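S.K.: Mind folding the following:
(2 chains)
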Amino acid sequence: DAMVIQNPRYQVTQFGKPVTLSCSQTLNHNVMYWYQQKSSQAPKLLFHYYDKDFNNEADTPDNFQSRRPNTSFCFLDIRSPGLGDAAMYLCATSNGDSNQPQHFGDGTRLSIL
Amino acid sequence: QKEVEQDPGPLSVPEGAIVSLNCTYSNSAFQYFMWYRQYSRKGPELLMYTYSSGNKEDGRFTAQVDKSSKYISLFIRDSQPSDSATYLCAMSLAYGQNFVFGPGTRLSVLP
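M.R.: Numbers count the residues shown, from 1 in each chain, chains lettered A, B, ... in the order given. I've put the predicted structure just below:
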């Protein structure tokens, strides 16, 4: 089945230690998104790639960066995680040429020690 | 005022009940409306997707959009314990625009 896969499902890192979360997709969608979701809150869009074009949300901290080396893969880099960055990180994809809804992965739950 | 509002619940109903979940929004320009179901420790899963006003039915699920009132609803008939999850509404302005999510309503269907 075509899908969005996030690895790892659970990630523990230390305060200030860089961490990378990964997302891959077999849907061949041209748009990939990264969301942060804290408990009982709506997913908060961090940034998205429309093809190779990177679009950062205005309130996304500089601590968060992303890379998309090809259509199938996208990475979320957190340079110096703080305690407030503990959350579920969701990757989503969509076909941006037809305003179809987003398809989500199962997320990576990040814990900060 | 938040762009999309949703009663966070939790909402508890007995098995077999009809469930009504609702969202209100402030931006009258929204045209595309979605409902996602999110189980604990999983990503959101698309349930329903509608464009503009009207109703859409899929099995036990019915989505309604009332653009004049800026109000959308999801009805679940014959609710099952497996429907217990958080339900997120989402909406977007138009072609290629990003989606705005509500905070979700947590539903528990009791056997």
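S.K.: my guess is A:Leu76 meets A:Ser66, correct?
M.R.: Yes. Assessed by CB atoms under 8 Å, A:Leu76 is found in contact with A:Ser66 at 5.6 Å. The C-beta positions use only the backbone N, C-alpha and C, and glycine is treated the same way.
S.K.: And the average pLDDT for stretch A:5-19 is what?
M.R.: On average, the pLDDT along stretch A:5-19 is 95.
S.K.: if you count what's nearby, which of A:Leu76 and A:Ser66 comes out ahead?
M.R.: Counting neighbours by other CB atoms under 10 Å in any protein chain shown for A:Leu76 and for A:Ser66 shows that A:Leu76 has the greater number, 24 against 21.
S.K.: Go through the helix or strand encompassing that one and flag the buried ones.
M.R.: Taking DSSP states H and E as the criterion, A:Leu76 maps to strand A:73-78. Going by neighbour count (16 or more other CB atoms under 10 Å in any protein chain shown), the buried part of strand A:73-78 is A:74-76, A:78.
S.K.: show me the contacts for A:Gly105.
M.R.: A:3-6, A:23, A:90-92, B:43 (CB atoms under 8 Å, 6 or more residues apart in numbering or on different chains).
S.K.: With respect to B:Gly9, which of those residues is nearest?
M.R.: The shortest approach to B:Gly9 among the contacts of A:Gly105 belongs to B:Gly43, at 19.6 Å (CB to CB).
S.K.: Quick check, that closest one in contact with A:Thr93.
M.R.: No. B:Gly43 lies out of contact with A:Thr93 (CB under 8 Å); the separation is 11.3 Å.
S.K.: When these two are compared, which one has more neighbours?
M.R.: Comparing B:Gly43 with A:Thr93 by other CB under 10 Å, the one with more neighbours is A:Thr93, at 29 against 23.
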